[in-house]
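In: coords below, sequence missing:
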Ligand SMILES: [Zn+2]
């Protein structure tokens, strides 16, 4: 009988969801300025960058054209779909990731989404990308070797996303941490290596036990690794009120 609850989860209020009736904004992506469009109110609904850029007194706002020279079409497409649905359309990539190059390109694609979320100052989207990383790690039972390289350059020092990258390694992929040469050779951010060492200090006197990815994620509340804080509702609630 539990499956009947699914029907309720498929509904949202009549006036729920983002506005899709406002005028379209032309977005020029990357150095080659590939063209895509998205409704103005949708873009302003979550991104501080778009909120500022699309003010009428700004050139971008009056011309309805915004250039994103450092972004790419795929990341921006994932972002706009997320604005509509609250879902990161990247997790399915993990099932398609058994290519000759391995999974690295998949993680890199998600890393580009995270960097773009930072540029767009959409902190909810960054939380969502961290959730997508978690879903992928849970699915593959593997951690992207360069997870810290994706997160550290685009997050604050006190970001919970950094804690996610650090604790995942310390508690789940501990064997890799114990090989310090492994971490050093990955050319990971210096702050990340320092954070790992600091996290290991209180564990030295105890036997360090390795836990599974599923246990690691289950031990913490869903918002433990998010950056929205107590004052702002989680993006998940926004999409599933
Ligand atoms: Zn949250």
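Out: Sure thing, it's come through. These numbers come from a predicted model, not from an experiment.
In: and the residue lying closest to residue 53 once chain neighbours are set aside, how far is that from the ion?
Out: Closest residue to residue 53 apart from its sequence neighbours, by Cβ to Cβ, 6 or more residues apart in numbering: residue 60 at 4.5 Å. Where C-beta positions appear, they are placed from N, C-alpha and C, glycine not excepted. If you measure residue 60 against the ion using Cβ to the ion, to the nearest Å, the figure is 30 Å.
In: so which residues of the chain form strands?
Out: Along the chain, counting by DSSP state E, strands occupy 24-29, 34-39, 65-68.
In: for residue 165, give me its contacts.
Out: 147-148, 151-152, 192 (Cβ atoms under 8 Å, 6 or more residues apart in numbering).
In: and for residue 18?
Out: With contact set as Cβ under 8 Å, 6+ apart, residue 18 has these partners: 39, 41-42, 45, 83-84.
In: residues from the chain in reach of the ion?
Out: Selection of the chain residues close to the ion by Cβ under 5 Å from the ion yields 223, 226, 234.
In: now these in TSV, with pLDDT, distance to residue 35 and neighbour count?
Out: Below are the residues of the chain next to the ion laid out as TSV (pLDDT from 0 to 100; distance: Cβ to Cβ, whole Å; neighbours: other Cβ atoms under 10 Å):
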residue	pLDDT	distance to residue 35	neighbour count
223	94	37	17
226	97	33	23
234	95	33	16
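In: walk me through the domains of this structure.
Out: 18-69, 86-239 (automatic domain parsing).
In: endpoints of the last one, how far apart?
Out: With Cα to Cα, to the nearest Å as the measure, domain 86-239 spans 6 Å from end to end.
In: now do it: distance to the chain's middle.
Out: The chain centre lies 9 Å from the centre of domain 86-239; the measure is Cα atoms, centre = their mean, to the nearest Å.
In: and the nearest residue to residue 159 once chain neighbours are set aside, what is it in contact with?
Out: What sits nearest to residue 159 in space, not counting adjacent residues and going by Cβ to Cβ, 6+ apart, is residue 227, at 5.6 Å. Going by Cβ under 8 Å, 6+ apart, residue 227 touches 123, 126-127, 155-156, 159-161.
In: quick check: the farthest pair among these?
Out: Farthest pair in the contacts of residue 227 (Cβ to Cβ) is 127 and 156. Separation: 13.2 Å.
In: for the two, indicate the residue with more neighbours.
Out: residue 127 (22 against 10; other Cβ atoms under 10 Å).
In: how near is the spatially closest residue to residue 189 that is not a sequence neighbour to the ion?
Out: Distance criterion Cβ to Cβ, 6+ apart; nearest residue to residue 189, sequence neighbours excluded, is residue 152 at 4.2 Å. Distance, residue 152 to the ion, by Cβ to the ion: 20 Å.
In: spit out the contact partners of residue 152.
Out: Contacts of residue 152 were listed using Cβ under 8 Å, 6+ apart, and they are 162, 165, 188-189, 191-192.
In: pull the most distant pair out of these.
Out: Top of the distance list for these (Cβ to Cβ): 162 and 188, 12.0 Å.
In: and for these two, which residues touch both?
Out: Shared contacts of residue 162 and residue 188, defined by Cβ under 8 Å, 6+ apart, comprise 148, 152.
In: list the buried residues in the longest helix along the chain.
Out: Of all the segments of type helix in the chain, defined by DSSP state H, the longest one is helix 123-140. Within helix 123-140, the residues that count as buried by 16 or more other Cβ atoms under 10 Å are 123-137, 140.
In: sorry, back to before: can you put the contacts of residue 165 in a markdown table and add pLDDT?
Out: Formatted as a markdown table, these follow (pLDDT from 0 to 100):
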| residue | pLDDT |
| --- | --- |
| 147 | 90 |
| 148 | 92 |
| 151 | 96 |
| 152 | 96 |
| 192 | 89 |
